[in-house]
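J.: Next comes the sequence, and after it the predicted model I'd like to discuss.
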Amino acid sequence: MSSFSISKGLIAAIVLPISLLACSDSDSLKVLENENIVGTHTDHTGPAEGIWPPQPANMTNVEPYPASARSGVLHGVLNAAKSSILNNPQVRQSLGGDYREIAASLGDRKSDNVARVVFYNYATDETIDVALGSDGAISNDIYAASVYQPTEHPQEVEDAIALAGNVLSNDSFDISNLQGTAMLAFPPERDIASSQQQFYPQRMMYVTFGPGNGAMPVYTALVDLSGSRVVEHGLVK
């Protein structure tokens, strides 16, 4: 694991919106619409009133902070955190040129991290787990694919279905009226070399084609996304 820091000013700009949202005493923040209070002293509630965090006293015209705006703020904060992570030279070196962002999330009040982003490097077959701490430090954990892989990304599902569909069609299997599905594949027990191995050494997806609605699939394929190839395909056995 490696760690390094970004500027305090940047991390403060990222953390502040999270702190403001986390301090809300309900699912929606409250805003004032009285323009006359700008630049003037306003009395605030305190612990004596049993209200925390403090709020301006005698508020009027109070309206809930729209959920859409709250979502927009969080989305912006996450994007800022991801930008800081992706712009770091050490992270870029770990990711290389053939990778995908699999998952990203913001930290909560109990976490020391502002955000966490999980990538998969298809060239090296490694999972890269990057966390941006509240102190500006970035930790970079790298796992071999056979040890740890995140769940499949929606775009990976589409790519695996497309690869499998092309191979099946070229091999005279008719999938025109069938529904394709895909998920992260796990190796059979006989192929697991050690207790540490839980996954394939590559990014493998299990693909099926069938009528859908709970019916048994007709065709199946094992797709290696790391090599952009179909390893096995044919009728479901």
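T.: Yep, it's here.
J.: Counting by contacts, list what the helix or strand where Ser105 lies packs against.
T.: Taking DSSP states H and E as the definition, Ser105 sits inside strand 99-106. Under the contact definition 3 or more Cβ pairs under 8 Å, 6 or more residues apart in numbering; DSSP states H and E, strand 99-106 sits against helix 67-86, strand 113-121. The way it works is simple: take the backbone N, C-alpha and C, and place the C-beta from them, glycine included.
J.: again, only this time at 6 Å
T.: For strand 99-106, the packing partners by 3 or more Cβ pairs under 6 Å, 6 or more residues apart in numbering; DSSP states H and E come out as strand 113-121.
J.: what's the angle between the strand it packs on and strand 99-106?
T.: 160 degrees (axes from the mean of the first three to the mean of the last three Cα atoms, to 10 degrees).
J.: in the next helix or strand after strand 113-121, what's buried?
T.: Note on strand 113-121: by DSSP H and E, the next helix or strand toward the C-terminus is strand 126-133. For strand 126-133, the neighbour count (16 or more other Cβ atoms under 10 Å) marks Glu126, Thr127, Ile128, Asp129, Val130, Ala131, Leu132, Gly133 as buried.
J.: List the residues that contact Val91.
T.: Val91 is in contact with Ile85, Val130, counting by Cβ atoms under 6 Å, 6 or more residues apart in numbering.
J.: Need the three-state assignment for it.
T.: Here Val91 is recorded as helix under DSSP: H, G, I helix; E, B strand; the rest coil.
J.: Start at 37, not 1
T.: All right, first residue 37 from here; so that's Val127.
J.: do you know how far it is from Ser119?
T.: The spacing between Val127 and Ser119, counted by Cβ to Cβ, to the nearest Å, is 11 Å.
J.: what's the answer for Met240, then?
T.: Between Met240 and Ser119 the computed distance is 31 Å (Cβ to Cβ).
J.: More neighbours: which of the two?
T.: Met240 (21 against 12; other Cβ atoms under 10 Å).
J.: still on that earlier bit, now the angle between strand 162-169 and the strand holding Ser141, please.
T.: Using the same axes, to 10 degrees: strand 135-142 against strand 162-169 is 30 degrees.
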